[in-house]
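# below is the structure, and that's it, no one-letter string:
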Ligand SMILES: Nc1ncnc2c1ncn2[C@@H]1O[C@H](COP(=O)(O)OP(=O)(O)O)[C@@H](O)[C@H]1O
Ligand SMILES: Cc1cn([C@H]2C[C@H](O)[C@@H](COP(=O)(O)O)O2)c(=O)[nH]c1=O
């Protein structure tokens, strides 16, 4: 039975790498895939992994009907056995519904990859719809880690090195960026809720206020 599968995790946990591996293994067996992505850091129409691999993809732009795109390709003689969608959190809920139709009406497996929650710990609309519709939700096995060593479960945004909890939901960016740039850091829930990033934890540890007081 074809399936809609949502592979979810924090930023930097290996989602795009897995998407590329799934595509590679299937194409090695002669299966044909269509790869959609939206707003990849590497640019329009790219699916890129931090391990350095990148492949061409169809940019799933705002308002694009993904089901109609595939039907149109088939009517022109195109073939596909499965569909991969990276950065699926950026898709509109209607586009996730279209992916479900691709599974149910066209009989293709759809593998969607994305982060579940934004920098405020709120669901992205596309991810919410995937949670509502997916046949399966898979958490990636390679865990990204918080600076404290716990499994990272949430994504923090930093502006000028400070964690922020207000702003536009979508700001394309990366982890490990210079403090002057808007960037991201993965944290465990405890440290996300306490707004403690690696930098602020370091600063706190160095602060005279928290140094052990010794008797004169
Ligand atoms: N230099 C490296 N050596 C080994 N693994 C790396 C290196 N750089 C990145 N990675 C791996 O790649 C993962 C990020 O992969 P990527 O597919 O780009 O993540 P995602 O799509 O989830 O944001 C990291 O969690 C790490 O496991
Ligand atoms: C938390 C959060 C992230 N984003 C952006 C930042 C990146 O461009 C992508 C995630 O990509 P990855 O391959 O999973 O690392 O999402 C955003 O726009 N808003 C957010 O709140």
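Good, I have the coordinates. Just so you know, these numbers come straight off a predicted model, no measurement behind them. Ligands and ions are numbered 1, 2, ... in the order given.
# so who does the residue most central in space within the chain touch?
Nearest to the mean C-alpha position of the chain, by Cα atoms, centre = their mean, lies residue 114 at 3.1 Å. Counting by Cβ atoms under 8 Å, 6 or more residues apart in numbering, residue 114 touches 6-8, 15, 85-90, 124, 126-127, 130. Quick note: C-beta positions are derived from backbone N, CA and C, even for glycine.
# got these as JSON lines, with secondary structure and distance to residue 46 columns?
As requested, the contacts of residue 114 are exported to JSON lines (DSSP: H, G, I helix; E, B strand; the rest coil; distance: Cβ to Cβ, whole Å):
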{"residue": "6", "secondary structure": "strand", "distance to residue 46": "21"}
{"residue": "7", "secondary structure": "strand", "distance to residue 46": "19"}
{"residue": "8", "secondary structure": "strand", "distance to residue 46": "21"}
{"residue": "15", "secondary structure": "helix", "distance to residue 46": "15"}
{"residue": "85", "secondary structure": "strand", "distance to residue 46": "14"}
{"residue": "86", "secondary structure": "coil", "distance to residue 46": "9"}
{"residue": "87", "secondary structure": "coil", "distance to residue 46": "10"}
{"residue": "88", "secondary structure": "helix", "distance to residue 46": "15"}
{"residue": "89", "secondary structure": "helix", "distance to residue 46": "17"}
{"residue": "90", "secondary structure": "helix", "distance to residue 46": "14"}
{"residue": "124", "secondary structure": "coil", "distance to residue 46": "20"}
{"residue": "126", "secondary structure": "helix", "distance to residue 46": "19"}
{"residue": "127", "secondary structure": "helix", "distance to residue 46": "21"}
{"residue": "130", "secondary structure": "helix", "distance to residue 46": "22"}
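# now the buried members of these.
The neighbour count (16 or more other Cβ atoms under 10 Å) marks 6-8, 15, 85-90, 124, 126-127, 130 as buried among the contacts of residue 114.
# what is the nearest of those to ligand 1?
residue 15 (3.5 Å; Cβ to the nearest ligand atom).
# find the residue closest to the closest one in space, skipping its chain neighbours.
For residue 15, ignoring the flanking residues on the chain, the nearest one in space by Cβ to Cβ, 6 or more residues apart in numbering is residue 113 at 4.2 Å.
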